[in-house]
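**Student:** Give me the fold of what follows.
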Amino acid sequence: MALLLLHAGLALYATVSMSCTVDELPHLTAGHSYWSHQAYHLHSENGMLPQRWAALPAVLGDLRPPNPQHVDWHRSDVWTIGLDYLYNNTASPEAILLNARTFSLVWNLGLGLLIFCWARSLFGRNGAFFALGLFAVCPVFLANGPLVTSDACACFLLLAAIGAFWRHLHHNTLGTLLLSVLCLGLCCVAKFNAALLLPLFILLLLLAWLAHRAGHEVALFRQPARSLGLGLLSHLSGAVFVIWLFFGFGTHAPPPFQTHYFGWEEIRQGIGWKAGFLQWISAHHLLPDDYLRGFGTVLHMAQQRGAFLNGECSTSGWISFFPYAFLAKTTLTLLVITLLLLVWKAASLRNFLKVAKLRDLVGTRTYHCLPLLVFFALFWASSLTLKLNIGHRHILPVYPVLYILAGGLGAWLLARPGLAPRLLAGLLLVSQAVECARIAPHFLAHFNPLVGGPAQGYRQLVDSSLDWGQDLPGLQDWLDQDQQARAGAPVYLAYFGSAPIPHHVPKAGILVNLMRIRVPGDAVLAKPGLYCISATLLQQSYMAPRDWSVEFERSYQLKRHLAQELLSVPRYPRTQTVRESEEQREFIRGYEYLRFRRLAAYLRRREPDAMVGYSILIYRLDEKALHAALYGPWSEWARDPDPR
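**Tutor:** Numbers count the residues shown, from 1 in each chain. Next up, the predicted model:
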């Protein structure tokens, strides 16, 4: 209990100083709309269970729900609806977020308890406490667990579903069957990666059947035809029932509630025949239409998505993305433990691969580790083919497996005679805690020393691996202490996030906000000052091709001269038509888009003068540097590694 309380305290301590991260805004807004309006279209591509759960404090606190009369409600623009909901409500956005994050932290605590119980069943009390001790100070879960997203919830329920199904195979009772069905159903409304459970359950059935054939009594196979039939029907019908339950058993709100951000035609263009299959399921009312549209949207958006890795941008991802993210963002302690486990358990795994030895393996600890090992291998195989390379958090479910297995190493060390093994176990726990303390409270920015630590993180991974829009309050605190800012130097901000900049940094000039140009006009970048750039926008992971080129330079110079002519007269005179005014605005936006890209290309060649939370990089640009970045010849700094 003390370890779980420590984990909760560290997690909440970190989130108190964070602004709303990118995904929290739609999750929280959609969750409240599900309760208040039964409007399931608003953000159906993410798990309804974690969204509903996080919104409960707002619902029970009688906060104003999302406004169905909002101008963007009819097209399901959850981002603009969410800004109005979170920042114009009857309570402060900080209070709403803190309550929601506190509720979301429950999934992390449940996961810690599940890790403890599973490790205890395999390795005893010492192993359980060792595993939980490592988890309690894990930066990965301290960063992602309390946030209003579906990641921690899905992680907990995936592990629970695997454990419940494995237990049902070996203890075929009504209680184990109901628990397995419930976990599967809840997993289906937590996140769409629940689809991975189907092949996993098939593999576990096969392993249990092989064990039964080898002479081990597996309860499910005493009456295989009856048990398998009943189990299949129960799991299928139970999962369908839970999904319909969360979607109101088919009750549909009147228009405009039935509109979606992506229509079926757009989804079909992205995923082809799969969209037709989902539409067929919807037409026969086998599953809710909103649920299927959400699944289709996930598949559609996963086909092509901007991503960044070690100085390169891509829309199709890399097979090395998640292995590198694991290597970079996992603590050194857990990497060492993983290596020790591979060496320690190599002999047992070799025995398992020999069918003749299966009889000897059944009933041992290694046999009961099989669901964890199979899930670990299957999840990694799936992740390597995933094109959605936007965050380390997408491999979060592999970590509980490692912590449970680490319990075996801890139990073995603590059971050895002599002082040295106990000291080694203690050293591993202490080193995990030290690595956690060194990064606190910026857990999302954790990178281990093997890759240069958090200060070098922005060169390797961005987006939700580092920069998720969480550091606006920290930026304002930094500006309050900086001598140049206090003296009145202009402050300019390019921010990757969903929080409104004026709410947190009221004096900042807005360059870019979540990849959308906010303020047209040459005056935005006209003066030397402090330039604060989110790492994701600096690396331009959503702006491929990333590198500044001759074509970009030619287009920029042409637009710059035309833009200067437009901006030299009063903006958009009344004599102009609306169409002409809109055309000019689009031209200015295009010019500013290129101008920011040129600025980012220049700044990437400089070391930042300061960092806030390792996610916002600050550059002090004098008149000479600013002129070189925006107006001077590109050739003067294109080959200079640090053009100061």
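**Student:** Which residues are in contact with Ile271?
**Tutor:** Gly296, Leu299, His300, Gln303 (C-beta atoms under 8 Å, 6 or more residues apart in numbering). For the C-beta atoms, the positions are set from N, CA and C on the backbone; glycine is no exception.
**Student:** so where does the first one fall, helix or strand?
**Tutor:** Applying DSSP states H and E as the criterion places Gly296 in helix 289-301.
**Student:** re earlier: of the contacts of Ile271, just say which sits nearest to Glu553.
**Tutor:** Of all the contacts of Ile271, the one with the least separation from Glu553 (C-beta to C-beta) is Gln303, at 31.4 Å.
**Student:** Pretty sure the closest one sits in a helix.
**Tutor:** No: with DSSP: H, G, I helix; E, B strand; the rest coil as the criterion, Gln303 is coil rather than part of a helix.
**Student:** Okay, the nearest residue to it once chain neighbours are set aside and Gly306: tell me how far apart.
**Tutor:** Leaving aside its chain neighbours, Gln303 sits nearest to Gly270 (5.1 Å; criterion: C-beta to C-beta, 6 or more residues apart in numbering). Using C-beta to C-beta, to the nearest Å, Gly270 is found at 15 Å from Gly306.
**Student:** likewise Ala328?
**Tutor:** Distance from Ala328 to Gly306, by C-beta to C-beta: 19 Å.
**Student:** same check, this time on Ser549
**Tutor:** Distance from Ser549 to Gly306, by C-beta to C-beta: 17 Å.
**Student:** Quick one: low-confidence residue ranges for the stretch 301-450 of the chain.
**Tutor:** In the predicted model, the stretch 301-450 of the chain carries pLDDT under 70 at residues 345-364.
**Student:** Am I right that Val78 is in contact with His43?
**Tutor:** Yes: counting by C-beta atoms under 8 Å, Val78 touches His43, with 4.9 Å between them.
**Student:** Centre of the chain to stretch 367-385, how far?
**Tutor:** 20 Å (C-alpha atoms, centre = their mean, to the nearest Å).
**Student:** Which one's more surrounded, Ser549 and Gly306?
**Tutor:** When neighbours are counted by other C-beta atoms under 10 Å, Ser549 and Gly306 differ, and Gly306 comes out ahead with 19 against 12.
**Student:** still on that earlier bit, mind checking which of the contacts of Ile271 are buried?
**Tutor:** The neighbour count (16 or more other C-beta atoms under 10 Å) marks Gly296, Leu299, His300 as buried among the contacts of Ile271.
**Student:** With distance to Leu396 as added columns, please give those in TSV.
**Tutor:** Shown next, in TSV, are these (distance: C-beta to C-beta, whole Å):
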residue	distance to Leu396
Gly296	24
Leu299	20
His300	23
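**Student:** Closest one of those to His392?
**Tutor:** The closest of the buried ones among the contacts of Ile271, once distances to His392 are taken by C-beta to C-beta, is Leu299, at 21.5 Å.
**Student:** On the pLDDT front, check the closest residue to the closest one other than its chain neighbours for me.
**Tutor:** Of all residues not flanking Leu299 in the chain, Ile271 sits nearest, at 4.6 Å (C-beta to C-beta, 6+ apart). pLDDT recorded at Ile271 is 79.
**Student:** May I see the buried residues of stretch 290-310?
**Tutor:** By neighbour count on 16+ other C-beta under 10 Å, the buried set for stretch 290-310 is 290-302, 305-309.
**Student:** what about the strands in the stretch 201-350 of the chain?
**Tutor:** Secondary structure of the stretch 201-350 of the chain, counting by DSSP state E, counting those that start in this stretch: strands at 307-309, 312-314.
**Student:** Could you do the chain as well?
**Tutor:** 307-309, 312-314, 491-495, 508-513, 516-517, 529-534, 610-612, 616-621 (DSSP state E).
**Student:** which residues touch the last one?
**Tutor:** I take that to be strand 616-621. With C-beta under 8 Å, 6+ apart as the criterion, strand 616-621 contacts 458, 467, 471, 474-475, 478, 484, 495, 528-535, 538, 603, 606, 608-612, 629.
**Student:** Separate out the buried members of these.
**Tutor:** Buried among these by 16+ other C-beta under 10 Å: 458, 467, 471, 474-475, 478, 495, 529-535, 538, 603, 606, 608, 611-612, 629.
**Student:** just checking, Met543 touches Cys313?
**Tutor:** Yes: Met543 lies in contact with Cys313 (C-beta under 8 Å); the separation is 7.4 Å.
**Student:** Just the CA trace of stretch 46-55, in PDB.
**Tutor:** Extracted C-alpha coordinates of stretch 46-55, given in PDB (Å, rounded to 0.1, in the frame of the first residue of the first chain):
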ATOM      1  CA  ASN A  46     -10.600   6.400 -28.500                       C
ATOM      2  CA  GLY A  47     -11.700   4.200 -25.600                       C
ATOM      3  CA  MET A  48     -15.100   5.100 -24.200                       C
ATOM      4  CA  LEU A  49     -14.400   3.500 -20.800                       C
ATOM      5  CA  PRO A  50     -11.400   5.700 -19.900                       C
ATOM      6  CA  GLN A  51     -13.200   8.800 -21.300                       C
ATOM      7  CA  ARG A  52     -16.400   8.200 -19.300                       C
ATOM      8  CA  TRP A  53     -14.400   7.400 -16.200                       C
ATOM      9  CA  ALA A  54     -12.200  10.600 -16.400                       C
ATOM     10  CA  ALA A  55     -15.300  12.700 -16.900                       C
END
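**Student:** how about stretch 110-124: buried residues?
**Tutor:** Buried residues in stretch 110-124 (16+ other C-beta under 10 Å): 110-112, 114-116, 118-124.
**Student:** returning to what we had before: now for Val78 and His43: what residues contact both?
**Tutor:** With C-beta under 8 Å, 6+ apart, Val78 and His43 have common neighbours Pro26, Thr29, Ala30.
**Student:** Quick one: the residues you listed as a markdown table, columns for distance to Phe249 and pLDDT too.
**Tutor:** Below are the shared contacts of Val78 and His43 laid out as a markdown table (distance: C-beta to C-beta, whole Å; pLDDT from 0 to 100):
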| residue | distance to Phe249 | pLDDT |
| --- | --- | --- |
| Pro26 | 25 | 93 |
| Thr29 | 23 | 95 |
| Ala30 | 19 | 93 |
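**Student:** Below-threshold pLDDT in the stretch 101-250 of the chain: ranges please.
**Tutor:** 215, 225.
**Student:** Go again with 90.
**Tutor:** Scanning the stretch 101-250 of the chain for pLDDT under 90 picks out 169-174, 205-232, 248-250.
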